[in-house]
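**Q** Show me the folded form of this:
(one chain, ligands or ions: 1)
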Amino acid sequence: MQPSDAIYPSLRDRNVLVTGGAGGIGASVVEHFCAQGARVTFLDIADAVAEELAARIAASGHPRPQYRHVDVTDTASLQDAVRAAGPLHVLVNNAAHDERHDWREVTAEYWDQRIAVNLRHQFFAIQAAAPAMIAAGAGSIINFGSTSWRLGMGGMPAYTASKAGVEALTRSFARDLGPHGIRVNCVLPGWIMTERQLALWVNETSEAVRHAGQCLKDRLYPPDVARLVLWLAADDSRMATAQTWTVDGGWM
Ligand SMILES: NC(=O)c1ccc[n+]([C@@H]2O[C@H](COP(=O)([O-])OP(=O)(O)OC[C@H]3O[C@@H](n4cnc5c(N)ncnc54)[C@H](O)[C@@H]3O)[C@@H](O)[C@H]2O)c1
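**A** Presented below is the predicted three-dimensional model:
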């Protein structure tokens, strides 16, 4: 699937940071912003795929995104990278890790790790990005949640609890930062066919469940989400904040 046909003039030359931008949906978000002529920095720990992505984007004639190796659970490094990339106009808190876990075996340490990779970094990236956005009087922050907990999925309680927390974090920051002209929204992807999902969980049985659940019967792919992110980042959505935006093919 190709990047969006839409062109948002307000995104040209905008300074954008995407966490977890090397693979999956994040990589598509990076590609989509670069195709708009934005200046993009992305953070990840998957160096080889990150460098491949940056090279592919540059080869396609778009501005080459800056890659930085940052583990988002290392709060000091994360905040340094956010400040170094700034002043940001757009922050996309996308990184996460949806590892399954049996509730009987979860230790306090494991719980804390899951919260760190799925929720905590979103708060600290915003804390580092917000002062420059406040000084500029503008900004768009997009936090990635998940439909999983709303669908009542089991098998990963620390992930689903984190993702529920992302929605609360979004509304709380929308209130605190709104008076400074900063918008804060949450994107909820449905089941998106990333390489990881296809490799680990897509099979005949799960496809039948998805087909029955979605109103629209097609598979969703990363660009379906990235296109929504572009709109939320652009000035076209200037009065949209404190909301949760779902792209799931209408899964009920
Ligand atoms: N794919 C789906 O079906 C789906 C569904 C609901 C929600 N989401 C959400 O969408 C977002 C993107 O998901 P995805 O499916 O593309 O995930 P993915 O696992 O395919 O990609 C995640 C990216 O984050 C990076 N990452 C992981 N841990 C990191 C860390 N500690 N520091 C820095 N980078 C790290 C990975 O290297 C990878 O590039 C996540 O927030 C996820 O929870 C995805």
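**Q** Give me the secondary structure label for residue 186.
**A** Under DSSP: H, G, I helix; E, B strand; the rest coil, the three-state class of residue 186 is strand.
**Q** what sits against it?
**A** 142-145, 166-167, 170, 243-245 (CB atoms under 8 Å, 6 or more residues apart in numbering). For every residue, glycine as well, the C-beta is placed using N, CA and C.
**Q** Could you single out the nearest of those to residue 47?
**A** residue 144 (21.6 Å; CB to CB).
**Q** Not counting sequence-adjacent ones, nearest residue to the closest one?
**A** With sequence-adjacent residues excluded and distances taken as CB to CB, 6 or more residues apart in numbering, residue 144 is closest to residue 94, at 4.8 Å.
**Q** Kindly report the same for residue 148.
**A** residue 160 is the one closest to residue 148 (CB to CB, 6+ apart), at 5.5 Å.
**Q** Surely residue 41 is in a strand?
**A** Yes: under three-state DSSP, residue 41 sits within a strand.
**Q** Look up how far residue 214 lies from residue 145.
**A** When distance is defined by CB to CB, to the nearest Å, residue 145 is 18 Å away from residue 214.
**Q** Show me the contacts of residue 186 that map onto helices.
**A** In helices, defined here by DSSP state H, the members of those are 166-167, 170.
**Q** Which of those has the largest number of neighbours?
**A** Among the ones in helices among the contacts of residue 186, residue 170 has the most neighbours (other CB atoms under 10 Å), with 25 neighbours.
**Q** Looking at it now. What's its pLDDT?
**A** We have a pLDDT of 99 for residue 170.
**Q** so it touches residue 188, yeah?
**A** No: look at residue 170 against residue 188 with CB atoms under 8 Å: they stay out of range, at 10.5 Å.
**Q** list residues touching both of those two?
**A** Common neighbours of residue 170 and residue 188 (CB under 8 Å, 6+ apart) are 145, 244.
**Q** OK, contacts around residue 19?
**A** By CB under 8 Å, 6+ apart, the neighbours of residue 19 are 26, 42-44, 70, 72, 78, 92-95, 121, 125.
**Q** Just the buried ones from those residues, in ChimeraX syntax?
**A** ChimeraX command restricting the contacts of residue 19 to the buried ones, with burial defined by 16 or more other CB atoms under 10 Å:
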select :26,42,43,44,70,72,78,92,93,94,95,121,125
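**Q** ok so, going back, what is the nearest of the contacts of residue 186 to residue 113?
**A** Of the contacts of residue 186, the one sitting nearest to residue 113 (CB to CB) turns out to be residue 166, at 16.7 Å.
**Q** tell me the contacts of the closest one?
**A** Counting by CB under 8 Å, 6+ apart, residue 166 has contacts 93, 118-119, 122, 143-146, 186.
**Q** Keep only those of these that are also close to the ligand.
**A** 144, 146 (CB under 6 Å from any ligand atom).
**Q** ok now do residue 103, which residues does it touch?
**A** Residue 103 neighbours (CB under 8 Å, 6+ apart): residue 157.
**Q** for residue 142, same thing?
**A** 90-93, 185-187, 229, 232-233.
**Q** Tell me the residues of this protein that contact the ligand?
**A** Counting by CB under 6 Å from any ligand atom, the chain sits next to the ligand at 20, 22-26, 43-46, 71-73, 94-98, 117, 144, 146-148, 189, 191-192, 194, 196-197.
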